[in-house]
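Asks: What would the 3D arrangement of this be:
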Amino acid sequence: MRRQKPGSWHAASCPLAIFFLLSSAASAQSRLKDTEWPTYTADLAGTRYRPFDQINASNFNDLEVAWRIKTDVFGDRPEYKLEGTPLMVNGVLYTTAGTRRAAIALDAATGELLWVHGEHEGARGAAAPRQLSGRGLAYWSDGKEERIFYITPGYRLVCLNAKTGVTVPSFGQNGIVDLKLNDDQTILPDVTTGEIGLHATPIVAKDAVIVGAAFREGFTPVSYRNNKGYVRGFDVRTGKHLWIFHTIPKKGEFGYDTWLNGSAEYTGNTGVWTQITVDEELGLVYLPVESPTADFYGGHRPGNNLFAESLVCVDLKTGERRWHFQLVHHPLWDMDIPAAPILADIIVDGRKIKAVAQPSKQGFLYVLDRVTGKPVWPIEERPVEQGNVPGEWYSATQPFPTKPSAYSRNGVSVEQLIDFTPELRKKAEELVSHYHLGPVFTPPVVSTAEGPVATLTLGTADGGTNWPGGSYDPETHIAYLYACNACLEPIGLVQPPKGFSDMNYVYGTAGREVKMINAAGTNSSADAPKPAKKGPSDEWISLNVEGLPLIKPPYGTISAIKLDTGEIVWQIPHGETPDLVRNHPALKALTIPRTGQETWNVGTLVTKTLVIAGDAQVTTTAEHPRGAMLRAYDKATGKEVGAVYMPAPESGSPMTYMLNGKQYIVIAVSGGTYSGEYIAYALPSDE
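Replies: Numbers count the residues shown, from 1 in each chain. Modelled structure (predicted):
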């Protein structure tokens, strides 16, 4: 590697790299787009679908590793949270990798490294709220020129020549747009340390590149004031600012009056931290907006708080709002919309509808007309429990879809507790007697030593569908959604100690030290000082019975939902039964069906005949050594038809492509003591 310029690096200048760059580009000009994977979710509609059937039920078990690449060298330390989904265009695979968040290009047939580009951001990178490699990048071509776009941890949009990995000087300032500038706000406290960033990918549609924003975790904010997560569009050729959408309206704009007592002036967050989808034909962009400042306490921001936790449709050319639908009024549960909206052309009662289906943490799939924003089936405003936290403001109602029915658990009741044996159920009931229970939208409580310790929730912070999102088969009109069915979140509130925060209340537990909760990967980037070794964390309350999950199986599921009817076609547990369940002494005499796994980071891939997803936990069984499995299901029935070994859990969503007549499946794996690795699977050459 050699320095390209101060602050950045690349490795495309050696003769060997140039040879491969030229040969790869020259040999792939005639490839059809439906054989490729040109954007994060395969297409701008967010389907994660490709119509391939070379890999099918009859041969999935025959898959072998075609190539693999560890990401340890793309930074000054290994990464154990590799979440990327690569792109493949013209025989080249592009992705982000390592603690530097390097953009890399690989030969898609062999995995050989073609070029690398990374930015050295110093203190700005070290202070970033979202670090590590992120989730990927974006590709653009006008048929003559090819470009790659990605966002650094320090929140700069970088434009690279896709053939060389060198910045494009005509874009922004020498290939870079500083996203902390020209944002209709002054990023505080300063550009270097100001809290704003992004780990999702930008999205390119027509001649615009669209960028969202992300922040620290909202459990324990240092202040009820924060920077705002506006969404912007930039010219794909020049980097010129095209438009901005204010996710928290400015005075005089629609929705400003939903922030009472002038709280729109100082409240922040409310960004789009996940993937955006686009209908280029309609010229519409779909923005899944997150929570405002403070995930669980909203006393400093009374009102319904538009456009927090809303699906917002804006014009691709201007960024002007066309319609919005708020999924949660006055958010209090960290239900921030986590996943890409799925664009689907469906037929309901004989009527063709251009729809958008929004997966959610609360396990509801919100299906709307994507032109008008009107629900396809009624979404009813229903009364919900009102809380008693001092100073809090509560919405009297919340939206409940009537179809489809919830595809994962939300809310907690005694009936959902572990029931392998009567003794285990009794212990579970004793444990939860110290908590406040209730259905979805049961509000948080002030934590007290005598109880309630917290509101015990499902379908909140880590529940339902998270950032990997769902997938969709445009031929059958069926959506496939992984969901965590047992990701409990106890939501208790405490007054912060002096000097910790100016919030009235933050997330915490009575009698325990209030600790700052950061996003995974904080202070782990290549620009951050290497931290001292830490002991076991006690930030989280352990909710188990004799080491077993408090909630009964299935712990994680994949659901197939027919969007023409709103019906769940099938639902299966996904993931091997955890070792702690299969080997538990209290369960030795029992036959436990597969439970699935309690995790939130599983993404699905759909092909002509299969739904493909990996385990997100490692297990050891008679069938395989310690590791995880990449599984294939018959997409019509949910029956498992094959599985191949992975050395570590799925940590980034799988993708697929065809190249030189061969189908590949690529997936990111990492976790525990296993550092990040991209693995490509394919059938043996003689098949």
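Asks: so where's this structure uncertain?
Replies: Low-confidence segments of the chain (pLDDT under 70): 1-32, 532-540, 687.
Asks: What ranges does it have for its helices?
Replies: For the chain, applying DSSP state H gives helices covering 15-26, 122-126, 422-432, 579-582.
Asks: list the helices and strands the last one packs on?
Replies: What it means is helix 579-582. For helix 579-582, the elements it packs on are strand 548-549, judged by 3 or more CB pairs under 8 Å, 6 or more residues apart in numbering; DSSP states H and E. C-beta coordinates here come from the backbone N, C-alpha and C atoms, glycine included.
Asks: neighbouring contacts of the strand it packs on?
Replies: Strand 548-549 is touched from outside by 418, 420, 424, 486, 555, 580-581, 584, 586, 598, with contacts defined as CB atoms under 8 Å, 6 or more residues apart in numbering.
Asks: Pull the distance from that strand to the chain's centre.
Replies: 25 Å (CA atoms, centre = their mean, to the nearest Å).
Asks: and that strand, which strands flank it?
Replies: strand 544-545 (antiparallel) (DSSP bridges).
Asks: now, which of the contacts of strand 548-549 sits nearest Lys144?
Replies: Glu598 (49.3 Å; CB to CB).
Asks: so what's the residue lying closest to the closest one once chain neighbours are set aside up against?
Replies: Nearest-residue entry for Glu598: Tyr555, 4.0 Å, with adjacent residues in sequence omitted and distances by CB to CB, 6 or more residues apart in numbering. By CB under 8 Å, 6+ apart, the contact list for Tyr555 reads 484-486, 549, 573, 575, 578, 595-599.
Asks: hmm, back to that, any chance of the contacts of strand 548-549 in TSV, with distance to Gly134 too?
Replies: Below are these laid out as TSV (distance: CB to CB, whole Å):
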residue	distance to Gly134
Ile418	37
Phe420	40
Leu424	41
Ala486	28
Tyr555	28
Leu580	32
Val581	33
His584	38
Ala586	42
Glu598	25
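Asks: Just among those residues, which is most surrounded?
Replies: Counting neighbours by other CB atoms under 10 Å, Ala486 comes out on top of the contacts of strand 548-549 with 27 neighbours.
Asks: Now for that one: which residues touch it?
Replies: By CB under 8 Å, 6+ apart, the residues touching Ala486 are 409, 458, 549-556, 598.
Asks: got it, and Ile203?
Replies: Counting by CB under 8 Å, 6+ apart, Ile203 has contacts 39-40, 44, 138, 209-210, 275-278.
Asks: so how far is stretch 492-509 from its chain's centroid?
Replies: Centre-to-centre, stretch 492-509 and its host chain are 27 Å apart (CA atoms, centre = their mean).
Asks: Could I have the CA atoms of that stretch written out in PDB?
Replies: Extracted C-alpha coordinates of stretch 492-509, given in PDB (Å, rounded to 0.1, in the frame of the first residue of the first chain):
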ATOM      1  CA  GLY A 492     -36.600   0.900  33.600                       C
ATOM      2  CA  LEU A 493     -36.000   4.600  34.200                       C
ATOM      3  CA  VAL A 494     -33.800   6.300  36.800                       C
ATOM      4  CA  GLN A 495     -32.800   9.900  37.500                       C
ATOM      5  CA  PRO A 496     -29.200  10.300  36.300                       C
ATOM      6  CA  PRO A 497     -26.500  11.200  38.800                       C
ATOM      7  CA  LYS A 498     -25.200  14.700  38.800                       C
ATOM      8  CA  GLY A 499     -23.000  15.500  35.800                       C
ATOM      9  CA  PHE A 500     -24.100  12.400  33.900                       C
ATOM     10  CA  SER A 501     -26.900  13.900  31.800                       C
ATOM     11  CA  ASP A 502     -29.400  16.800  31.800                       C
ATOM     12  CA  MET A 503     -32.200  14.400  31.100                       C
ATOM     13  CA  ASN A 504     -34.900  14.000  33.800                       C
ATOM     14  CA  TYR A 505     -34.700  10.200  33.400                       C
ATOM     15  CA  VAL A 506     -32.400   7.800  31.600                       C
ATOM     16  CA  TYR A 507     -32.400   4.000  31.100                       C
ATOM     17  CA  GLY A 508     -31.300   2.200  34.300                       C
ATOM     18  CA  THR A 509     -32.100   0.000  37.200                       C
END
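Asks: in that stretch, what counts as buried?
Replies: For stretch 492-509, burial by neighbour count (16 or more other CB atoms under 10 Å) applies to 492-496, 501, 503-509.
Asks: same deal with stretch 202-214?
Replies: Buried residues in stretch 202-214, defined by neighbour count with 16+ other CB under 10 Å: 202-205, 207-214.
Asks: Can I get the residues you listed in a markdown table including distance to Leu610?
Replies: Formatted as a markdown table, these follow (distance: CB to CB, whole Å):
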| residue | distance to Leu610 |
| --- | --- |
| Pro202 | 30 |
| Ile203 | 26 |
| Val204 | 28 |
| Ala205 | 29 |
| Asp207 | 35 |
| Ala208 | 34 |
| Val209 | 32 |
| Ile210 | 31 |
| Val211 | 33 |
| Gly212 | 31 |
| Ala213 | 35 |
| Ala214 | 32 |
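Asks: ok, of these, which one's closest to Leu630?
Replies: Using CB to CB, those come closest to Leu630 at Ile203, 26.7 Å.
Asks: Just send the contacts of Tyr555 back as a markdown table, with distance to Arg626 too.
Replies: Formatted as a markdown table, those follow (distance: CB to CB, whole Å):
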| residue | distance to Arg626 |
| --- | --- |
| Cys484 | 23 |
| Asn485 | 24 |
| Ala486 | 23 |
| Pro549 | 20 |
| Pro573 | 21 |
| Gly575 | 15 |
| Pro578 | 13 |
| Thr595 | 18 |
| Gly596 | 19 |
| Gln597 | 15 |
| Glu598 | 18 |
| Thr599 | 17 |
